[in-house]
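Novice: what shape does this take:
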Amino acid sequence: MAKTPDRAEQQRRFMALDQTDRRAVMRAVNRGKVVENRKHASLAVMVARRQQRFWKWSWLLGPVLGAVQLLLVPVEVAVFNAGLATLGLAAFSVFWYRRAARAEQLNLDLAEGRRASGSAGGPASRGHLPGERRAARKAARSEAAAADPAPEPSATADPDQPLPGQRPYRPRGQKRRGKR
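Specialist: Sure thing, here's the model as predicted:
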């Protein structure tokens, strides 16, 4: 089981990251995905839990907005605005809370060493047995070839130019040999 440091230690470690790593962690949590770097998984769990705490109570801002408006506008308008704001914030809250919960679970699995599932390009998509990566690449190439057939090379094409999707020809360097 992964050791979960206290909140202050987690916050200190998160702030010690450079800005690009912090943004990568926040982006993964906001998208409900697993982080790319396994070392950042426990930080992503902390961020996801913090977001869940916020979104659990954020819908209450709608009624607060209505109560403040009671002082400024007629009662009917304030009640309508409060209801509309509450519904809107409740929808946002449910959406972002679910994403944060999904990110928490995926990153918790990654931090504990279990395979994360459901994230394209993440650690679960890489095979750990010989040949799995090659088989996955071959399957992806065959799907891409079936979806987008390559055009036939024309007779007027320059033979020195590579076909689309091919690497350009680069001759090997000369072997180093002593001067004779």
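
Novice: just give me the neighbour total for residue 101.
Specialist: By other Cβ atoms under 10 Å, 16 other residues sit near residue 101. In this view, the C-beta of every residue, glycine as well, is placed from N, C-alpha and C.

Novice: per-residue pLDDT, the closest residue to it other than its chain neighbours?
Specialist: Spatial nearest neighbour of residue 101, excluding adjacent residues (Cβ to Cβ, 6 or more residues apart in numbering): residue 52 at 6.2 Å. Residue 52 is assigned a predicted lDDT (pLDDT) of 94.

Novice: so what's residue 52 up against?
Specialist: Applying Cβ atoms under 8 Å, 6 or more residues apart in numbering, we find residue 52 in contact with 97, 100, 101, 104.

Novice: contacting residues around the last one?
Specialist: Remark: with contacts taken as Cβ under 8 Å, 6+ apart, residue 104 is in contact with 44, 45, 48, 49, 52.

Novice: next, format those residues as a markdown table and append distance to residue 114 and secondary structure.
Specialist: Shown next, in a markdown table, are the contacts of residue 104 (distance: Cβ to Cβ, whole Å; DSSP: H, G, I helix; E, B strand; the rest coil):
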| residue | distance to residue 114 | secondary structure |
| --- | --- | --- |
| 44 | 15 | helix |
| 45 | 13 | helix |
| 48 | 16 | helix |
| 49 | 18 | helix |
| 52 | 20 | helix |
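
Novice: this protein: helices as residue ranges?
Specialist: Counting by DSSP state H, the chain has helices at residues 7-16, 19-31, 41-57, 61-69, 75-111, 132-147.

Novice: among the ones you listed, which is nearest residue 169?
Specialist: helix 132-147 (21.1 Å; Cβ to Cβ).

Novice: give me the distance between the residue most central in space within the chain and residue 104.
Specialist: The residue lying closest to the centre of the chain (Cα atoms, centre = their mean) is residue 28, at 3.5 Å. The gap separating residue 28 from residue 104 is 11 Å, by Cβ to Cβ, to the nearest Å.

Novice: what do these two both touch?
Specialist: residue 44.

Novice: looking only at pLDDT, what's the mean for stretch 25-35?
Specialist: 92.

Novice: ignore what I typed, I meant stretch 93-101.
Specialist: 95.

Novice: and that stretch, what's buried?
Specialist: By neighbour count on 16 or more other Cβ atoms under 10 Å, the buried set for stretch 93-101 is 93, 96, 97, 99, 100, 101.

Novice: nearest residue to the second one in space, please, no chain neighbours.
Specialist: In this case it means residue 96. residue 55 (4.8 Å).

Novice: show me what counts as buried in stretch 26-38.
Specialist: 26, 28, 29, 32, 33, 34, 35, 36.
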